[in-house]
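Trainee: Let's see this in three dimensions:
(one chain, ligands or ions: 1)
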Amino acid sequence: MDVSMNKEGVAKPKLITRILRAIYPLHDDVVAKAFIKAGLYRKALELLPPYWKRIVDLGCGTGRTFEVVEEGKVVVGLDLTLDFLKIAKTRHRQKPFDLVYGTATHLPFRSNSFDGVLTYTMMHHLTYDEKLRTLSEIARVSDTYVFGEVGKKLCWSSILLKMIGSKGLISKDVFEKVGLRIEVWEDPKSFCLIIGKASRLRKE
Ligand SMILES: C[S@@+](CC[C@H](N)C(=O)[O-])C[C@H]1O[C@@H](n2cnc3c(N)ncnc32)[C@H](O)[C@@H]1O
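Mentor: Numbers count the residues shown, from 1 in each chain. Here you go, the predicted structure:
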């Protein structure tokens, strides 16, 4: 598995990136493992069309989602933190997943090049405008988008929100603005994660 570099649109590490790096072991070793155990990554993947062969995981981090993907499927992981991609590369050495260094707001992919797009706890790291830009990029590269995202129940405190590097929770209105129709928006009682699916209104 190679890490390819796409520097276009990749910002220099800012405070937010440094915070993410500092708290990442907590997410990676505790939270993400708990998500896997509870079947929550799989729950989002099950919302993809059954025929899917190739998806992109935006904000893939160290590649925890790769662990629950069945054989024969291709996942491209994109992240703007090179250190996390390096861990993903070592961890999933034997798997045929591609890694791309880039930002979700400017995707280095052709239009309609994926059967689906996945994001897992990535959207809350983006500002409202970045969410708009990212969702519009998502709708350009695929007509199906599935996600697991931090919900209001977890973020009872603005201090906690800031501690996890959040710039704002996902809201339904951004989807409509870029022509995505929400089909699933589940707010499970446990783990405080929203699991969702949206589809492009106009098929291209
Ligand atoms: C909480 S982690 C989740 C990682 C992984 N999806 C998981 O479930 O374990 C958020 C990830 O989003 C990435 N990220 C934040 N902003 C991003 C952006 N604009 N483009 C791509 N990745 C981004 C971070 O580098 C980090 O790896």
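
Trainee: The ligand contacts on the chain?
Mentor: Residues of the chain found near the ligand (CB under 6 Å from any ligand atom) are 20, 27, 32, 58-61, 64-65, 78-81, 84, 103-105, 120-122, 125-126. For the C-beta atoms, the positions are set from N, CA and C on the backbone; glycine is no exception.

Trainee: Select the longest helix from this protein.
Mentor: Ordering each helix of the chain by length in residues (DSSP state H) puts helix 128-141 first.

Trainee: what residue is smack in the middle of this protein?
Mentor: Nearest residue to the geometric centre of the chain (CA atoms, centre = their mean): Thr119, 2.0 Å.

Trainee: element containing that residue?
Mentor: Assigned by DSSP states H and E, Thr119 falls within strand 116-120.

Trainee: And for that strand, what's in contact with it?
Mentor: 35, 41, 44-45, 48-49, 52, 55-59, 64-65, 75, 104, 138, 141-142, 144-149 (CB atoms under 8 Å, 6 or more residues apart in numbering).

Trainee: If we use 7 Å, what do you get?
Mentor: Applying CB atoms under 7 Å, 6 or more residues apart in numbering, the contact partners of strand 116-120 are 41, 44, 48-49, 52, 55-59, 65, 138, 141-142, 144-148.

Trainee: the inter-axis angle of it versus helix 128-141?
Mentor: With axes from the mean of the first three to the mean of the last three CA atoms, to 10 degrees defining the directions, strand 116-120 sits at 150 degrees from helix 128-141.

Trainee: Strand 116-120: partners in the sheet, and parallel or antiparallel?
Mentor: Applying DSSP bridges, strand 116-120 is found paired with strand 54-58 (parallel), strand 144-150 (parallel).

Trainee: what's the span of stretch 106-115, first residue to last?
Mentor: Taking CA to CA, to the nearest Å, stretch 106-115 runs 18 Å from one end to the other.

Trainee: What residues of it count as buried?
Mentor: Neighbour counts over stretch 106-115 (16 or more other CB atoms under 10 Å) mark Leu107, Pro108, Phe109, Phe114, Asp115 as buried.

Trainee: how distant is that stretch from the center of its chain?
Mentor: Distance of stretch 106-115 from its chain centroid, counting by CA atoms, centre = their mean, to the nearest Å, is 15 Å.
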